[in-house]
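In: Provided below for reference: sequence and predicted model.
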Protein chains: 2
Amino acid sequence: MESLMQSGKRMGRQTLIFSNPGAVISSGAIVGPMEGRGPLRECFDKVLMDDTWGEDSWEKAERKMFEQAVRTAMDKVELKQGDVDCLLGGDLLNQIISANFAARELKLPFLGLYGACSTMAESLLIGGMLLDGGYANCVACIATSHFSTAERQYRNPLEMGGQTTPTAQRTVTGAGCSIAANANFSGSRIYRNVFITAGTIGKVIDLGITDANNMGAAMAPAAADTLAAHLSDTGRGVMDYDLVVTGDLGRFGSEMFIDLCRDSGIDLIGRHMDCGNVIFSRDQKVDCGGSGCGCSAVVLNAHLLERIEKGELRRIFFMATGALMSPTSSMQSESIPGIAHGVVLERK
Amino acid sequence: MESLMQSGKRMGRQTLIFSNPGAVISSGAIVGPMEGRGPLRECFDKVLMDDTWGEDSWEKAERKMFEQAVRTAMDKVELKQGDVDCLLGGDLLNQIISANFAARELKLPFLGLYGACSTMAESLLIGGMLLDGGYANCVACIATSHFSTAERQYRNPLEMGGQTTPTAQRTVTGAGCSIAANANFSGSRIYRNVFITAGTIGKVIDLGITDANNMGAAMAPAAADTLAAHLSDTGRGVMDYDLVVTGDLGRFGSEMFIDLCRDSGIDLIGRHMDCGNVIFSRDQKVDCGGSGCGCSAVVLNAHLLERIEKGELRRIFFMATGALMSPTSSMQSESIPGIAHGVVLERK
């Protein structure tokens, strides 16, 4: 595989090159009961027995997942509060309250991000820059989502018992955290071979999709745009990656992504994987797969990092995709813009 | 004044040092009618005649302010779309739709941030890092808020005609954008002397305030915490700054901030200025002053940058303060956590 020879830190229009790349040293992934019955059931650190996790609201359960995913990842490598220089993350709730309230408990310097379901990649991208640039020695990057909080905020109260459409995806209940560190860090690690070597900042793309039950289609154009920018910026091809990962396009969105890439001359040659398509099995009847920023966060942190560590994957382009509407913008007849940020994770 | 001698890029627990600091080269500030009748009326690039700006909703007007503040700042120094490497910003609306939809029109690589009213400082902090580290040559940092969109989202519909409490502040209708560039940038500039030399990442602090009409009190502890961290990290004192600026503590919040600083051994010796206290005059009857992330954004970009450029101020610590609750968290009986991020802006 071709490596990037570049003296500067920027390549092309949207891509950052990390010449002193941070390493992912630990991870934590907590999921809800339904995700815990899916194909990745053996991979998670914790599967909740019920989706309130003993709290008196789903929102408080989501916040607890965020906090405990960070603590789990920290505990695995025996990090104390003072060892983590910066927490970066977000969630889907209004004013990212899951992240904000969890950050209050974690007492870490905190940068709140909102990239909808692209948040896991956005946090790794900015976290990767903090490490590469020497601005931090150790960062925690995280995203979380919760089916029940998302339904009542974005769509209808669950109590209404509404039926889903054939294109609907199910918001993943889960929180995934990556802890990454640079060469100055001397503590223990559970991963020794996974590095964040580059990142591509996405643009907001909108092809006019207005169906809030077809988010995959709204996000696919952004994913295709960011992949094209990344390959153009770096002079690489799909062949240079073992996997091109998207966050939560789901079944229809993935087909659209592959078509859009083909239209712009990019053949994915069977190397595309969508986290939304692997989190649930077909017999779980979730229509078009998983979604939500927890989806890519838990698949990355419970599954993909381990595969890179073991050498099953040598280099992946991890893109998380976000749909940037709100109920207000939809009611004001707006279409759904999407964004995708990407990071290169590779074995060294 | 003492300058920071430091070979690394990190100092202490929360502070980043920019040894190749980006310079603020241009700015744009657009405000609503009421802000346009306040003490800074001569400083703004545009004052709206009415707060819908010809759009059919306040949300669309807010989005337009965001977009036009960026375009105004770009136009002043003749920047084209391809000249700005990254847009960083956010707003107060659910899912930061003002920022997201404006970013769609601006077609720039975009990092969405949510720091509530701390967003202007958060964007300058991350933007400053992009420049210092060589990850970008030119960035646009921006925050916006709108009185009418904020009222109906966070409190009550304006049509209800509710009365304000004595501690209530008024959300500023305004968008402020700073364009900053590093030494690789060769274009024109309207400021030549204003540099982003350091940043301090805030922690989420919560002293248990639950009154959503007293946001200044909820944010003051975070501001005091970040200032203490900054001074401790850098070994500086208040004397090293011509001004310690806070975003929107308002009248009561400012008093609380000064008291909290004194309690931790920091005497502000009359060098504190709160943007919320200068945006409206007393006879405008806005109770405790301005708030919202547009407040610090427009005061910085319309007023403070110019004062540094002229040499009236040589070094300031610009802190924007955010209250991190949502209506949902308040209804679930949560208190209001706050966060404050800070950047050092100085003449060189």
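Out: In hand now; what should we look at? Residues are numbered from 1 along each chain as shown, chains lettered A, B, ... in the order given.
In: contacts and neighbour counts: CA atoms only from here.
Out: Noted.
In: number of nearby residues for residue A:333?
Out: Residue A:333 has 10 neighbours, counted by other C-alpha atoms under 10 Å in any protein chain shown.
In: residues touching it, list them.
Out: residue A:210 (C-alpha atoms under 8 Å, 6 or more residues apart in numbering or on different chains).
In: Residue A:133 now?
Out: Here residue A:133 is in contact with A:20, B:9, B:133 (criterion: C-alpha under 8 Å, 6+ apart).
In: Shouldn't residue A:179 be within a strand?
Out: Yes. Under DSSP: H, G, I helix; E, B strand; the rest coil, residue A:179 falls within a strand.
In: Look up how far residue A:295 lies from the residue nearest in space to the middle of chain A.
Out: Taking C-alpha atoms, centre = their mean, the centroid of chain A lies closest to residue A:120, which sits 3.3 Å from it. For residue A:120, the distance to residue A:295 equals 9 Å [C-alpha to C-alpha, to the nearest Å].
In: same question, residue A:250
Out: Distance, residue A:250 to residue A:295, using C-alpha to C-alpha: 11 Å.
In: go on, residue A:271?
Out: 19 Å.
In: So for these two, which sits in the more crowded spot?
Out: More crowded of residue A:271 and residue A:295, by other C-alpha under 10 Å: residue A:295, with 35 against 14.
In: Apart from its chain neighbours, what residue comes closest to the more buried one?
Out: residue A:172 (5.3 Å; C-alpha to C-alpha, 6 or more residues apart in numbering or on different chains).
In: Could you tell me how many residues sit around that neighbour?
Out: Using other C-alpha under 10 Å, residue A:172 is surrounded by 30 other residues.
In: if I pick it, what's in contact with it?
Out: Each residue near residue A:172 by C-alpha under 8 Å, 6+ apart is listed here: A:31-32, A:35, A:145-147, A:290-295.
In: and residue A:192, what does it touch?
Out: Going by C-alpha under 8 Å, 6+ apart, residue A:192 touches A:23-25, A:309.
In: again but with residue A:272, I slipped
Out: Contact analysis of residue A:272 by C-alpha under 8 Å, 6+ apart lists A:243-246.
In: Make sure residue A:322 is indeed in a helix.
Out: No. Counting by three-state DSSP, residue A:322 falls outside a helix, being strand.
In: Count the neighbours of it for me.
Out: As a burial measure, residue A:322 scores 33 neighbours (other C-alpha under 10 Å).
In: Name the nearest residue to it, ignoring sequence neighbours.
Out: Distances taken as C-alpha to C-alpha, 6+ apart put residue A:117 closest to residue A:322, at 4.1 Å, once the chain neighbours are dropped.
In: Helix, strand or coil: sort out the one you found for me.
Out: The local conformation at residue A:117, judged by three-state DSSP, is helix.
In: Surely it is in contact with residue A:323?
Out: Yes. Applying C-alpha atoms under 8 Å, one finds residue A:117 in contact with residue A:323, separated by 6.8 Å.
In: higher neighbour count, the two?
Out: residue A:117 (33 against 28).
In: circling back to that earlier point, lowest pLDDT pick from the contacts of residue A:133?
Out: Among the contacts of residue A:133, residue B:9 carries the lowest pLDDT, at 89.
In: so the closest residue to residue A:215 other than its chain neighbours bridges to which residues?
Out: Among residues not flanking residue A:215 along the chain, residue A:323 sits closest, at 6.6 Å (C-alpha to C-alpha, 6+ apart). Counting by DSSP bridges, residue A:323 forms beta bridges with residue A:338.
In: Just checking the distance from whichever strand or helix holds residue A:216 to the centre of its chain.
Out: Here residue A:216 sits within helix A:215-234, counting by DSSP states H and E. Relative to the chain's own centre, helix A:215-234 is displaced by 15 Å; criterion: C-alpha atoms, centre = their mean, to the nearest Å.
In: same thing with stretch A:93-100?
Out: Remark: stretch A:93-100 is offset 16 Å from the chain centroid, using C-alpha atoms, centre = their mean.
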